[in-house]
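>>> my questions are about this predicted structure, shown below with the sequence.
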Amino acid sequence: MESLTDTAGAEVIATFEQQVRSPHPAYYIGSGKAEELRSVVASSGASLVIFDEDLSPVQGQNLEDTLGVRVMDRTELIIDIFALRARTAEAKMQVELAQLQYLMPRLTRMWNHLSRIRGGIGLRGPGETQLETDRRTIRRKISDLKRRLEKVARQREIERKGRVGEFRVALVGYTNAGKSSILAGLSGSDLFVEDRLFATLDPATRAVDLGEGFHALVTDTVGFIRKLPHHLVASFGATLEEANEADLLCNVVDVSFERWEEQYEVVEGVLAELHFNPKGRLVVFNKVDRLTHTEQAAIEQRAAALLDAHVFTSTVEPTGLEPLRTKLRETIRRRWSIVTLTIPASAGGVLAEIYREGEVLTREEGGTSIRLTARLPADALGRLRARDGVAIEAPAA
């Protein structure tokens, strides 16, 4: 919560904790604790109180009346950070939809804020002008945003169909796990990278040369977080579909974080909630450069017991991403078909295409023909079947 608050641009001057077995219907915390919190607010000079839980509209209104300052809950804070970070038109639409859906039942309280507050955390970004309109206008705006985002989803589907034959990799993970740094390191692209929560919201796809003639399209997606607001999950559905359609889904984990297993489980939980069913999975343990050899050995032992496919990476060390490149090449190889081809010796262009598109395992010269055993991707194999004079036997054993 302190990291989220800092990302939103506020300074934490005091913290207040209480174990609550069942939320109080009026304040979430107990009424006595609410009075105690009022004293903390007064003595600390705080102008904003942020709860790490979701508050009902009634609870938020009662707390503000008691405390005399602005009150936000976890969902509102995260949505506000997304509003701060949104840069593209699509991201702004997604954030605006999440804002309006969250604020719809809270309009009365928000109108009270607007009468005395302008700007600041929780009141900025796309959609803030809608708080001054009535519920009917907001419902119409929500419907319009959903239609526009559905159009974006259809456009993404068309783009994905145009990538048939390409090996697609999607990077998912807890926010600030280093997904953007990995994509920048693999592709050499100049991507925005910052050591803060939700530094990037917009998905970025880059063509990556994996070496040895292998290539992939790698997409960086929005980061996840504990108790990710459902409004945001729904709003960013079109963006996250990119990850669900990938050939390989990489769950990037900040292995230097003490409770990395919790973050891994959070991401896996969100993926399960979204009914993700990717063709392949890989866990990428990032920031290994921050570990001692003893710590890394212990985590490697733990990972081997828990996970089948995993790899350790670093975006700081010169060769820190080579293990990931190797793993991606191996994954692509496993998806290719091994076939035996016979081509005319004079078909130099076809021979060059086979070497360029695939991996030649054996080669036999036969005077007027050349016999090859090669590992080839499906699209290249389809093109070769249509070539005159090329004979392709059943996949080799």
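Perfect, I can see it now.
>>> how is the chain divided into domains?
What the record gives for the chain is the domain set 2-72, 76-149, 164-333, 336-392, from automatic domain parsing.
>>> go ahead and measure how far the longest one is from the middle of the chain.
To tie it back to what came earlier, the one meant is domain 164-333. Counting by Cα atoms, centre = their mean, to the nearest Å, domain 164-333 is centred 8 Å from the centre of its parent chain.
>>> one more: the shortest one?
Centroid separation between domain 336-392 and its chain, computed with Cα atoms, centre = their mean, is 39 Å.
>>> quick one: mean pLDDT over that domain.
For domain 336-392, mean pLDDT rounds to 89.
>>> other SSEs contacting the biggest helix by length in the chain?
When the chain is parsed with DSSP state H, its longest helix is helix 135-161. Under the contact definition 3 or more Cβ pairs under 8 Å, 6 or more residues apart in numbering; DSSP states H and E, helix 135-161 sits against helix 89-103, helix 237-244. Every C-beta, even on glycine, is put in place using the N, C-alpha and C of the backbone.
>>> pull out the buried residues from the longest one.
Pointing back at helix 89-103 there. 90-103 (16 or more other Cβ atoms under 10 Å).
>>> ok, so of those, who is nearest Arg156?
Looking at these and their distance to Arg156, the nearest is Glu90, at 9.4 Å (Cβ to Cβ).
>>> mind checking pLDDT for the closest one?
Listed pLDDT for Glu90 reads 79.
>>> helices and strands of the protein: which one bottoms out on pLDDT?
Sorting the helices and strands of the chain by mean pLDDT, DSSP states H and E puts helix 107-114 at the bottom, at a mean of 52.
>>> do you know which of the domains of the chain lies nearest Arg156?
domain 164-333 (5.9 Å).
>>> for Arg28, give me phi and psi.
For the record, residue 28 is Tyr, not Arg. Here is the backbone geometry of Tyr28 (degrees, to the nearest 10): phi 70, psi -60.
>>> redo the buried residues of helix 89-103 as JSON lines? Include distance to Asn251.
Output for the buried residues of helix 89-103, formatted as JSON lines (distance: Cβ to Cβ, whole Å):
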{"residue": "Glu90", "distance to Asn251": "24"}
{"residue": "Ala91", "distance to Asn251": "22"}
{"residue": "Lys92", "distance to Asn251": "27"}
{"residue": "Met93", "distance to Asn251": "27"}
{"residue": "Gln94", "distance to Asn251": "22"}
{"residue": "Val95", "distance to Asn251": "24"}
{"residue": "Glu96", "distance to Asn251": "29"}
{"residue": "Leu97", "distance to Asn251": "26"}
{"residue": "Ala98", "distance to Asn251": "24"}
{"residue": "Gln99", "distance to Asn251": "28"}
{"residue": "Leu100", "distance to Asn251": "31"}
{"residue": "Gln101", "distance to Asn251": "28"}
{"residue": "Tyr102", "distance to Asn251": "27"}
{"residue": "Leu103", "distance to Asn251": "32"}
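>>> return the closest of the residues you listed with respect to Asp247.
Glu90 (23.4 Å).
>>> thought the closest one was touching Gln155?
No. Applying Cβ atoms under 8 Å as the test, Glu90 and Gln155 come out as separate, 9.6 Å apart.
>>> quick revisit: any buried residues in the longest helix of the chain, and which?
Neighbour-count burial for helix 135-161 [16+ other Cβ under 10 Å]: Ile138, Lys141, Ile142, Leu145, Leu149, Val152, Arg156, Arg160.
>>> now the helices and strands packed on helix 135-161 in a markdown table, with distance to Gln263?
Listed next are those as a markdown table, based on distance: least, Cβ to Cβ, whole Å:
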| stretch | distance to Gln263 |
| --- | --- |
| helix 89-103 | 22 |
| helix 237-244 | 17 |
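>>> in terms of mean pLDDT, which of the ones you listed ranks lowest?
Of all these, helix 237-244 has the smallest average pLDDT, which comes to a mean of 70.
>>> for the record, mean pLDDT for the strand or helix carrying Leu4?
Element membership of Leu4, judged by DSSP states H and E, is helix 2-8. Confidence over helix 2-8 (mean pLDDT, whole number) is 88.
>>> against which helices or strands is it packed?
Helix 2-8 packs on helix 74-85, going by 3+ Cβ pairs under 8 Å, 6+ apart.
>>> let's see 10 Å
strand 48-50, helix 74-85 (3 or more Cβ pairs under 10 Å, 6 or more residues apart in numbering; DSSP states H and E).
>>> from the ones you listed, which stretch is densest packed?
Burial of the helices and strands packed on helix 2-8 is given as mean neighbour count (mean count of other Cβ atoms under 10 Å); helix 74-85 ranks first at a mean of 23.
>>> where does the chain dip in pLDDT?
Of all residues in the chain, those with pLDDT under 70 make up the ranges 107-134, 160, 162-165, 190-202, 230-231, 234-239, 394-397.
>>> go with 50
For the chain, the stretches with pLDDT under 50 are 111, 113-119, 126-131, 396-397.
>>> gap between the two ends of stretch 225-243?
End-to-end distance for stretch 225-243, by Cα to Cα, to the nearest Å: 17 Å.
>>> try stretch 4-20
22 Å.
>>> and stretch 275-295, by the same measure?
End-to-end span of stretch 275-295 (Cα to Cα): 34 Å.
>>> OK, contacts around Arg74?
1, 4, 50-55, 225-229 (Cβ atoms under 10 Å, 6 or more residues apart in numbering).
>>> farthest-apart pair in the residues you listed, please.
Distances among the contacts of Arg74 were taken as Cβ to Cβ; the most separated pair is Leu55 and Ile225, at 18.1 Å.
>>> just the buried positions in stretch 45-63, please.
Residues of stretch 45-63 classed as buried by neighbour count (16+ other Cβ under 10 Å): Ala46, Leu48, Val49, Ile50, Phe51, Asp54, Leu55, Gln59, Gly60, Gln61, Asn62, Leu63.
>>> the first one belongs to a helix?
The reference is to Ala46. No. In this structure, Ala46 is coil, not part of a helix, as judged by DSSP: H, G, I helix; E, B strand; the rest coil.
>>> isn't Ala98 up against Ala83?
Yes. Shown here, Ala98 and Ala83 form a contact pair, counting by Cβ atoms under 10 Å, at 8.8 Å.
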